Every structure is written in structure tokens, then in C-alpha cells.
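J.: Need a 3D model of the sequence below.
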Amino acid sequence: MTGPPDDDEMVPVSIRLGAVVPPEDPEDWTRPLTWVAALGMLAAPAIALIWFTVARPLDSGRPLAGTWAVAFLLVMGAAAAGSTQIGRLRAFTGTLGAALLSALLVVVAGAVTAGERQIGSATPTLAHALAASLAGVAGASPAAAFGAFTAETWSRLPRATAAAALGAAVTAAVLPTLFQA
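T.: All right, here's what the predicted structure looks like:
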């Protein structure tokens, strides 16, 4: 006869053996806010990859239309991703986290599609990717603070719109300065 199970028998074997198992109910990808957050983080890298693949920049002397588009998409996507979060701290970290991930992916897209390698200076593709990323993250910082400040009082759409507008204004001020010698 066996007695009552001890505590070790109540824990699944995969956990006792140290295996990582997925949660029983992973995040549901049919929820609209999940898609808003995912698209917010991936919009700028996708546009950068398309731009660098189709019409790679040949000059890094000034910001091009693609540089502006990637920088603005980065900050707007981050504001949208942050607005999906509930609570001040989550809205702040959601916005900044989305911006940093997006910026990293934009730089990776620039590095992968650069083609040639240069010593002493970055290729034009990488220079535009880095400038757009830095300007976007610079804009996402005040957007994150604004989103956190209004997280508990404003609804999602007005909060995302206002944070994106503030971030875009900062991005527009920062981007041209990154190309000055």
C-alpha cells in the first residue's frame, strides 16, 4: 500500500528534472493589443530592411526620407506598444523596451544589408540605421515618461497619440544633429 503522495510527487517530472516547459496558457495571439505591441516593435525594423534591400543609401552626409521614416516609425511604434500596458511602470518600461528592441533590430538590418565593409567609418547603410535608431530612442524617452504619467488617467488611443507626437517632435529635433560634422 502506498501512503499519501509526498511533495515531490505533486510536482511534474519535467520541473523536477529541471526542464523548461512552456506555460499552460501562453499569451493569446488573437488579442488585438498583442498585435499592436508586436507591430509597434517591428514596424521600423521591417521598413528599414525593405529600404536597405530595395534602395540602399549611397551617402551618409544628411538624413534621407528613409532615415526620417524609420526614426518616426520607431518612436511611434514604441509609443503604441507602451500604450498597451496597464500601470505607470509597465507603460514606461513597455515604451522604452519596445524602442530599444526596435532600435537594435534596425541596426542589425543596417549591418546585415550593408554589403561592403569600411575601415575607419561606417557604411552609409549602417550610418543611417544608427542615426535613425538613436533619434528614435531619444524621442521614445520623453514619450515613455509622458505615457507613464498619463497611464492611469488617459485611455490608450489618446495616450499613444500624444506620446507619439511628443516623441516625434524630439526625434525631429535630434535627427539632423546626428549628421552634422
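J.: mind listing what the residue nearest to F146 when sequence neighbours are not counted touches?
T.: What sits nearest to F146 in space, not counting adjacent residues and going by C-beta to C-beta, 6 or more residues apart in numbering, is A163, at 4.9 Å. All C-beta atoms are positioned from the backbone trio N, CA, C, and that covers glycine. Taking C-beta atoms under 8 Å, 6 or more residues apart in numbering, we find A163 in contact with A79, G82, S83, T95, A143, A144, F146, G147, T150.
J.: mind giving me a markdown table with these and columns for secondary structure and distance to L89?
T.: Output for those, formatted as a markdown table (DSSP: H, G, I helix; E, B strand; the rest coil; distance: C-beta to C-beta, whole Å):
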| residue | secondary structure | distance to L89 |
| --- | --- | --- |
| A79 | helix | 16 |
| G82 | helix | 11 |
| S83 | helix | 14 |
| T95 | helix | 11 |
| A143 | helix | 15 |
| A144 | helix | 11 |
| F146 | helix | 14 |
| G147 | helix | 11 |
| T150 | coil | 14 |
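J.: Just put the residues you listed in CSV and tack on pLDDT.
T.: Compiled in CSV, the contacts of A163 are given as follows (pLDDT from 0 to 100):
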residue, pLDDT
A79, 94
G82, 90
S83, 89
T95, 93
A143, 95
A144, 94
F146, 94
G147, 91
T150, 91
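J.: which of those has the most neighbours?
T.: Of the contacts of A163, T95 is surrounded by the most neighbours, 35 neighbours in total, counting by other C-beta atoms under 10 Å.
J.: roughly how far apart are that one and V75?
T.: Using C-beta to C-beta, to the nearest Å, one obtains 9 Å as the distance from T95 to V75.
J.: Show me the common contact partners of those two, please.
T.: Common contacts of T95 and V75, defined by C-beta under 8 Å, 6+ apart, comprise A140, A143.
J.: Near L166, how many residues? Count them for me, please.
T.: When counting by other C-beta under 10 Å, one arrives at 20 neighbours for L166.
J.: mind checking how far it is from A172?
T.: 11 Å.
J.: got it, and A99?
T.: Distance, A99 to A172, by C-beta to C-beta: 16 Å.
J.: ok, which stretches of this protein are helices?
T.: For the chain, the helices identified by DSSP state H occupy 7-10, 13-16, 32-54, 65-83, 88-112, 124-149, 156-174, in order along the chain.
J.: Could you name the helices and strands sitting against the fifth one?
T.: Under the contact criterion of 3 or more C-beta pairs under 8 Å, 6 or more residues apart in numbering; DSSP states H and E, helix 88-112 touches helix 32-54, helix 65-83, helix 124-149.
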